[in-house]
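**Q** Need coordinates for the below:
(chains A and B)
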Amino acid sequence: MMDKYYITHLRELESEAVYILREVAAQFENPALLFSGGKDSIVLGWLSRKAFFPSKIPYPLMHVDTGHNFDETIEYRDEFVKTINARLIVASVQESIDKGRVAEEHGKHASRNALQTTTLLDALEEHKFDCAIGGARRDEEKARAKERFFSHRDEFGQWDPKNQRPELWNIFNGKKNMGEHFRVFPLSNWTEMDVWQYIAIENIPIPSIYFSHKRKVIERDGLLLAFSPYLNLDEDEQIEERIVRCRTVGDMTCTGVWESKAESIEDIIQEVAATRVTERGGRVDDKRSETAMEDRKVKGYF
Amino acid sequence: MTTKNSYLDMELLRFTTAGSVDDGKSTLIGRLLFDSKSIFEDQLDAVKKSSEKKGLVDVDLALLTDGLKSEREQGITIDVAYRYFATPKRKFIIADTPGHIQYTRNMVTGASTANLALILVDARQGVIEQTKRHSYIASLLKIPHLVLCVNKMDLVDYSEEVYEQIVADFKGFVAKMDIKDVRYVPISALNGDNVVTRSKNMDWYNGSTLLHLLENIYIASDYNHLDPRLPVQYVLRPQKIEGFHDYRGFSGRIGSGIFRVGEDVTILPSGFSSKIKSIYAYDKLVEEAFPPMSVAIELEDDLDIGRGDMIVKPNNQPQVTQDIDCMLCWFSDRPMQLGGKYALRHSTAEVRTMVKEVVYKMDINNLVRDEDDRDVKMNDICRVKLRTTKPLFIDDYKKNRFTGSLVLIDEATNNTVAAGMIH
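**A** Below is the predicted model of the structure:
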């Protein structure tokens, strides 16, 4: 067979993700795409526009908003939603706190990261979403390596890692009972590098905080954290200015920033290629214990 | 690592690894990831800590691949885990499947999408029952390429005779199976011999290192380019969008064959004919579509077509039938019910089905048919006859993995309980 009948690895991953997104639209009544403003969910939004072109994306984007955002993320979010012509729903952690559904953490390591699970599960129930599309990738973290594309959640939103449905060929089983839902991960087979390379070949706009910029930071446990009013400081912690960029984008209180001079996507790709620490190495939320991610996922985290 | 822009022309290779913990499978994967610099410092640190906790002197690379808490506690792999690494030539997806518990179920799952099966044998033991089982499953699932890694060569003094004997044994055995392309590599995963770098201990071996093989094995012809099949996945009807008022796009992933604009097509099950008006690859028009592209096809005629229908060519059609003869691998701890009814998924179609007959069970330890025992339990492989409520459009799995495969779903639990390869 002639060589022209093959596609590159990025186009194959793209085709696989689009297939999954169309499968979601076909198999579920009321899906939603979880949008954080991070690069993975941006790629998901981008792929969604492509999957249903020229139709509108048949599901809304939902942002679980901790209230502790980089300003740039929110600005970007509103612009991006217009670009891909999607509908946005915001589920607020602040509201969950106000309603007494969750209590704010205290002390130096206080973060709203863990609180998001309740807000997310409440929002899924309120909007009667039966499927939440997420940008998680199997290369991110060891518990994610065994996640399925179509991941079943029981009526409590919990994941049962030892009892997952086998997935074969391109056949996906989204059957469920009332009250249960699915998490679907179209980027399962992508690596951090694939995501950046795809952003490069597609010229996808990304939030400015991914590029190097001057920012007030504090150093804690060997990580740099962006300074913000939401961060509880120890007396001996110093605020300094550094040239940094974000490698992941999450809640401001637990997302590390990196010293970097990367000013373009190509710079970032070069940097990722040379980096010897995983992107989640900068996430305080994953460092709470060896199985922090698995424990949170079982309860219904992203 | 990846040099500037080489990613614009990289291929994807999916492979599955089989072998038990004792064969050094996890160590081999750890070695591939480690030597190709796909392991990060924080991951290595975590593994170092775990190794120390377990009282080990050296870093146990196997710990890199054991994902779940219960697995690390028990030191076994209980589920398919996916690993990723890339070289400037290719990106690799490894489906790492356990060798013992539920091996059949997991290996079948991992094998279903693989281009290549990597099977490990321990040089001290040679070809054993388990090697045969794994090869049988690779052949059953029609994985196009198989690499037999003779591991732990360091423990047999890197002996050429030992290696050649194992290769000869395996060749004799695999000749009876339907595997197109078999390769052999003598390695030591623990020391890295012939994994990424050429071994200085085995001058007698002139072949490729394992990684070189994985990077260069020809996979572009693994897809079927001959029999055009587009299972309709989702219908795009934008209506109110400017310029697309009457547009109806039949979207899906090309299962096999090549479709071109202007060609005649037939729609199943209706049998109606039309011509391809346009092909969209997402938001761009293309002239032709081939696997594994996701596209949307627009037809000249306004036909009633929905999910589960199939677009094919008039002169090349699949079999349309309600009677399915297939090899089935049973996954569920609830045994198969003869005469029982299940939901059946095939490409994008869903029907109900009844198990009419168990023709034989495969004794996969001895690779012989067992026509006396017809009780099908978890991890059993059997030949069955199914009857469906509606016709399916099927091909022989040997020719077409996408229109030749199916799964059964238990309607009471919604679990996927079996995978089938159609004859």
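**Q** use CA for all of it now, contacts and neighbours both
**A** Fine.
**Q** quick one: pLDDT of residue 100?
**A** All of this is about chain A. In this model, A:Gly100 is scored at 81, pLDDT.
**Q** try chain B instead
**A** We have a pLDDT of 64 for B:His100.
**Q** and the helix or strand where A:Arg11 lies, does that touch chain B?
**A** Counting by DSSP states H and E, the element that carries A:Arg11 is helix A:9-27. Yes: Helix A:9-27 reaches chain B (Cα under 8 Å from any Cα of the partner chain) through A:9-10, A:12, A:15-16, A:18-19, A:22-23, A:25-26.
**Q** most surrounded residue in those residues?
**A** Counting neighbours by other Cα atoms under 10 Å in any protein chain shown, A:Val18 leads these with 27 neighbours.
**Q** so is the closest residue to that one other than its chain neighbours in a helix, a strand, or just coil?
**A** Leaving out its chain neighbours, the residue that sits closest to A:Val18 by Cα to Cα, 6 or more residues apart in numbering or on different chains is A:Ala51, at 5.3 Å. Put simply, A:Ala51 is helix when judged by DSSP: H, G, I helix; E, B strand; the rest coil.
**Q** hang on, A:Ala51 packs against A:Arg22?
**A** Yes: with contact defined as Cα atoms under 8 Å, A:Ala51 and A:Arg22 form a contacting pair (6.6 Å).
**Q** quick one: the residue nearest to A:Val18 and B:Val286, what's the gap?
**A** Distance, A:Ala51 to B:Val286, by Cα to Cα, to the nearest Å: 15 Å.
**Q** Name the residue in those two with the higher neighbour count.
**A** More neighbours surround A:Ala51 than the other of A:Ala51 and B:Val286, with 29 against 14 (other Cα under 10 Å).
**Q** residues in contact with that one?
**A** Going by Cα atoms under 8 Å, 6 or more residues apart in numbering or on different chains, A:Ala51 touches A:18-19, A:21-22, B:282.
**Q** any chance of these in JSON lines, plus distance to B:Thr197 and pLDDT?
**A** Converted to JSON lines, the contacts of A:Ala51 look like this (distance: Cα to Cα, whole Å; pLDDT from 0 to 100):
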{"residue": "A:Val18", "distance to B:Thr197": "38", "pLDDT": "98"}
{"residue": "A:Tyr19", "distance to B:Thr197": "38", "pLDDT": "98"}
{"residue": "A:Leu21", "distance to B:Thr197": "40", "pLDDT": "98"}
{"residue": "A:Arg22", "distance to B:Thr197": "43", "pLDDT": "98"}
{"residue": "B:Tyr282", "distance to B:Thr197": "42", "pLDDT": "95"}
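**Q** Which single one of those residues is nearest to B:Ala111?
**A** Set against B:Ala111, the nearest of the contacts of A:Ala51 by Cα to Cα is A:Tyr19 (19.8 Å).
**Q** doesn't B:Gly255 make contact with that closest one?
**A** No: counting by Cα under 8 Å, B:Gly255 is not a contact partner of A:Tyr19; they are 11.6 Å apart.
**Q** residue in chain A nearest to chain B?
**A** Nearest to chain B, among the residues of chain A, is A:Ser55, at 4.2 Å (Cα to the nearest Cα).
**Q** count of neighbours near that residue?
**A** By the criterion of other Cα under 10 Å, A:Ser55 has 20 neighbours.
**Q** That one - nearest residue in space that isn't next to it in sequence?
**A** The spatial neighbour of A:Ser55 that comes closest, neighbours along the chain excluded (Cα to Cα, 6+ apart), is B:Pro238 at 4.2 Å.
**Q** the domain parsing of the chain - what is it?
**A** Reading this off chain A. Using automatic domain parsing, the domain ranges for chain A come out as A:9-195+A:291-299, A:207-286.
**Q** think we crossed wires, I meant chain B
**A** B:6-216, B:229-312, B:319-422.
**Q** How is the residue nearest to A:Ser55 assigned, secondary-structure-wise?
**A** coil.
**Q** all helices in the chain, in order from the N-terminus.
**A** All of this refers to chain A. Along chain A, counting by DSSP state H, helices occupy A:9-27, A:39-52, A:71-83, A:93-98, A:116-126, A:192-202, A:265-274, A:292-299.
**Q** That was the other one, I meant chain B.
**A** Counting by DSSP H, the segments of chain B that form helices are B:25-35, B:41-53, B:69-74, B:103-111, B:129-140, B:160-174, B:210-216.
**Q** Return the most buried member of those.
**A** helix B:103-111 (a mean of 26; mean count of other Cα atoms under 10 Å in any protein chain shown).
**Q** ok, B:Tyr234 - contacts?
**A** Applying Cα under 8 Å, 6+ apart, one finds that B:Tyr234 lies in contact with A:22-23, A:25-26, B:250-252, B:306-307.
**Q** What is the nearest of those to B:Leu116?
**A** Looking across these and measuring by Cα to Cα, the closest to B:Leu116 is B:Gly252, at 25.2 Å.
**Q** who in the stretch 151-300 of chain B is up against chain A?
**A** Near chain A, when you scan the stretch 151-300 of chain B using Cα under 8 Å from any Cα, you find B:220-221, B:225, B:233-234, B:236-239, B:241, B:244, B:252-253, B:282-283, B:290-294.
**Q** Show me which of these are buried.
**A** B:220, B:225, B:233-234, B:236-238, B:252-253, B:282, B:290-294 (16 or more other Cα atoms under 10 Å in any protein chain shown).
**Q** Of those residues, just say which sits nearest to B:Asn414.
**A** The shortest approach to B:Asn414 among those belongs to B:Gln233, at 20.8 Å (Cα to Cα).
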